[in-house]
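Peer 1: below: sequence and its predicted model.
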Amino acid sequence: MSTWIEGRVERVLWVADDRGWAVIRVRTAEGSTMVVGPIGAVADVADELPFASFEGEHEHHPLHGWQFKASGMLLSSPRTEAGIRLYLASSGVKGIGGALADRIVDHFREQTTTILESTPERLAEVPGIGAKKAAALAESWRADAGGRALSILLRGLGLSPRLVGRVRARYGDEAWAVVHSAPYRLAEEISGIGFGIADKLALGQGMAKDAPERVQAAIAHVVSRAQDEGHCHLPEPEIPPALERLDVPARDVSAAIDALLDRGVLVDVSDGDTRLLADPDLAFAEERVLAGLALRGMGDAPDDLDDALLARAEAAVGITLDPGQRDAVRLAATSPFSVITGGPGTGKTTLVKVLLHLAGARGETWSLASPTGRASRRLAEATGHDAATLHRLLEFQPGTGGFARGPGSPLESDALLIDEASMVDVRLMASVLEACPSDRPFRVVLVGDADQLPSVGPGQVLRDLVDSGAVAVARLAHVHRQGARSGIVAAAQEVHAGRVPGSGQSTGHDDFFLVSRDDPSAVAAALVEIVTRRLPQRGLDPRHEVQVLTPTRKGPLGTGALNDLLRDALNPDAPRLTFGFKSFAVGDRVIGTRNRYDLGVFNGDMGTVEQAHPGSLAVRFDEGLIPYLREDLDDLELAYAITVHKSQGSEYPAVVLVLHSSHSIMLRRNLAYTAITRARRFFCGIGDAQAWSRAVRAQRGDARHTRLGVVLRREHQVLATDPR
């Protein structure tokens, strides 16, 4: 029979990495009790909210003796004053907010919950609450009994109050029934709740592992995870192994897929025998890109260009282009849709300057954009022309998640140039092409390095376009004199060719070094030494000019561990404030992880914490001092170390890359190449030789399942062989 215990959290003995299962020692009125179960959320707030209530049963473990097996919990006991204030303020009871909760608890103290349960009409005793309001609050309290039980259950699974609120807002009075009878709906319909949480709910209520609804939910989850990894669809043969890894019996998979297709949860985008399963919205995005490319007339013959006009543009800018650059300018200035791709030092920015001057001489207005704020600012600085993020250019609408610019309100310029185009995912490219006018001549030029990592979002648009043969592409290969003197550029070329780059005197350059360390702890020690001592000796400020990169977020050499290590070394004395799983201090380097148009901060923007208060931070970005409330901090992370993916579109005076065998499947050629090309003045790689060898051999180990390139190649081949 289920019962409750409550008390002070004495010690967190063990907690799973996903903050799910935990073992905690709790001091109750009867003594010390071991509590086990899905209660990991308490581990991160035990110091701040040391009281907790747990629902479950006492059981005798053959090894550990008597313990309390919890099925749910409520952080901060509602029978203590601190807990009652928190509970009432976040209970969802209509009419009770933070201020009123404080007044109620100030009046009734520890007896508050007893009075609410037994004699709620006594609320009229609280100053400012009359008999009518007391009766309304009492009715809300009684009516919300199921909601409170639901909150206990979901908080026990680690859901934040915000997610619990989403569940209650989405389902209303039906929330309890949905959670208990159709838990997988939460994964489908509530942003932030995944298969894992829904599965815990379902299995905890006795659902069979091979239940059809569980198999369907798991398949939808597998396809969604593939999308998170950059794929636009997943072939059916890859489904059963993924199910086995989730401990979901891979029986009747075909029937489960049929059911998902019938319900419209997934669509089949294949045109052959093997079903290719995709999210409907993502499949539609690929179709929109294909339609937009066809509308741009990408196969049309280019316009004429007066060579004398091009020569005058070169002279006006004071630049002499090489033949490859000149061809690229001619292609971009005359084709309805074109791509310019090349590695570092090949002069992409140089030719863009000439291209823009040429466009001005012809009386054309061009829009310039990049996927991130940092990249757009670099583009503006390099060209002397205004540039914006793509989201700002398309006029993103936070309320709808869409763009104001589209078929009914297209861009007003004569052309669009997108820099760092390798970062553009398929959904964003679909919106870009739909915002291009179709009733008048309009050019689209993508500039980027197709050998870099693909976009964080699904698809590999630039790579697919370049490889398809269906699009006008200018490939820049000649490295210019300035780049030829750079060890960074030379190293990038070596990696691109599949060779481990040399180091120090062996290359004749002093801006590129590899430091060999085998043990992860030795790598970490070398990292601190280089960042805090060696680079400052070269005149580099470790707080503002040095960026540490690593392939992964987790593990001893992931961003989590390295940020803690580097903060201890670079900002050791500042008091830290804890906000759930995170902590920040004045002086910390941080990065925005999501476009926040309300704050004027974009994904990838770097800043420094200038003020830290218990409920908020103030962060100095290029745009100014930006306030972050507690609920905004999910969009902020420490940035002493960031992933290579997060560095795309940015350049730093100095880059230190941690590359180790423990990074396993993340070791790929384009990852190492991308990291090297982020450095402007100095690059240092720290790790073991085996990691570098594996990385440079793994060419395109991150190839993605997409239809864009396949369809474009097929259509191009048909056109090429058409006798007409």
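Peer 2: Done, it's in.
Peer 1: which residues in the stretch 151-300 of the chain form strands?
Peer 2: 234-235, 267-268, 276-278 (DSSP state E, counting those that start in this stretch).
Peer 1: now Leu393: closest residue in space, sequence neighbours ignored.
Peer 2: For Leu393, ignoring the flanking residues on the chain, the nearest one in space by CB to CB, 6 or more residues apart in numbering is Ala369 at 4.6 Å. Where C-beta positions appear, they are placed from N, C-alpha and C, glycine not excepted.
Peer 1: shouldn't Glu55 be within a helix?
Peer 2: No. Read with DSSP: H, G, I helix; E, B strand; the rest coil, Glu55 is strand and lies in no helix.
Peer 1: give me the pLDDT for the closest residue to Val531 other than its chain neighbours.
Peer 2: Using CB to CB, 6+ apart and skipping residues adjacent in sequence, the residue nearest Val531 is Pro542, 5.0 Å away. Pro542 is assigned 94 on the pLDDT scale.
Peer 1: quick one: Pro542 and Pro536 touch, right?
Peer 2: Yes. Shown here, Pro542 and Pro536 form a contact pair, counting by CB atoms under 8 Å, at 6.0 Å.
Peer 1: more neighbours: those two, which one.
Peer 2: Here Pro542 and Pro536 are set side by side on neighbour count (other CB atoms under 10 Å), and the busier one is Pro542, at 23 against 15.
Peer 1: helix, strand, or coil at that one?
Peer 2: Note that with three-state DSSP, the state of Pro542 is coil.
Peer 1: now Cys684
Peer 2: Under the three-state scheme (three-state DSSP), the conformation of Cys684 reads as strand.
Peer 1: ok, it - contacts?
Peer 2: Remark: with contacts taken as CB atoms under 8 Å, 6 or more residues apart in numbering, Cys684 is in contact with Phe512, Phe513, Leu514, Val515, Ile530, Leu535, Ala654, Val655, Val656, Leu657.
Peer 1: got a winner among these for most neighbours?
Peer 2: Those, ranked by neighbours (other CB under 10 Å): first place Val656, 29 neighbours.
Peer 1: how near is that residue to Arg517?
Peer 2: Taking CB to CB, to the nearest Å as the measure, Val656 and Arg517 are separated by 13 Å.
Peer 1: returning to what we had before: now the strands of the stretch 151-300 of the chain as CSV including distance to Val548, mean neighbour count and mean pLDDT?
Peer 2: As requested, those are arranged in CSV below (distance: least, CB to CB, whole Å; neighbours: other CB atoms under 10 Å; pLDDT from 0 to 100):
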stretch, distance to Val548, mean neighbour count, mean pLDDT
strand 234-235, 34, 19, 96
strand 267-268, 42, 18, 96
strand 276-278, 36, 24, 97
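Peer 1: wait, which of these is closest to Ala135?
Peer 2: strand 267-268 (52.5 Å; CB to CB).
Peer 1: just give the number of residues close to Leu638.
Peer 2: If we define neighbours as other CB under 10 Å, then Leu638 has 23 of them.
Peer 1: SS state for the nearest residue to it once chain neighbours are set aside?
Peer 2: Distances taken as CB to CB, 6+ apart place Asn563 nearest to Leu638, at 4.0 Å, with adjacent residues excluded. Three-state secondary structure (criterion: three-state DSSP) places Asn563 in helix.
Peer 1: got a pLDDT number for Asn563?
Peer 2: Per-residue confidence (pLDDT) for Asn563: 95.
Peer 1: could you measure it against Pro614, distance?
Peer 2: Counting by CB to CB, the gap from Asn563 to Pro614 is 22 Å.
Peer 1: same thing with Ala255?
Peer 2: From Ala255 over to Pro614 the distance is 53 Å, taken as CB to CB.
Peer 1: tell me if Gln452 really is in a strand.
Peer 2: No. Assessed by three-state DSSP, Gln452 does not belong to a strand; its assignment is coil.
Peer 1: show me what contacts it?
Peer 2: So Gln452 contacts Ser422, Gln648, Asn670, Tyr673, Thr674, Thr677 (CB under 8 Å, 6+ apart).
Peer 1: hang on, isn't the first one packed against Gln648?
Peer 2: Yes. Here Ser422 reaches Gln648: they are 7.2 Å apart, a contact under CB under 8 Å.
Peer 1: that older thread, more neighbours: Asn563 and Pro614, which one.
Peer 2: Between Asn563 and Pro614, counting by other CB under 10 Å, Asn563 is the more crowded of the two (22 against 9).
Peer 1: circling back: redo the contacts of Gln452 as JSON lines? Include secondary structure and pLDDT.
Peer 2: Below are the contacts of Gln452 laid out as JSON lines (DSSP: H, G, I helix; E, B strand; the rest coil; pLDDT from 0 to 100):
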{"residue": "Ser422", "secondary structure": "helix", "pLDDT": "94"}
{"residue": "Gln648", "secondary structure": "coil", "pLDDT": "86"}
{"residue": "Asn670", "secondary structure": "helix", "pLDDT": "91"}
{"residue": "Tyr673", "secondary structure": "helix", "pLDDT": "94"}
{"residue": "Thr674", "secondary structure": "helix", "pLDDT": "94"}
{"residue": "Thr677", "secondary structure": "coil", "pLDDT": "93"}
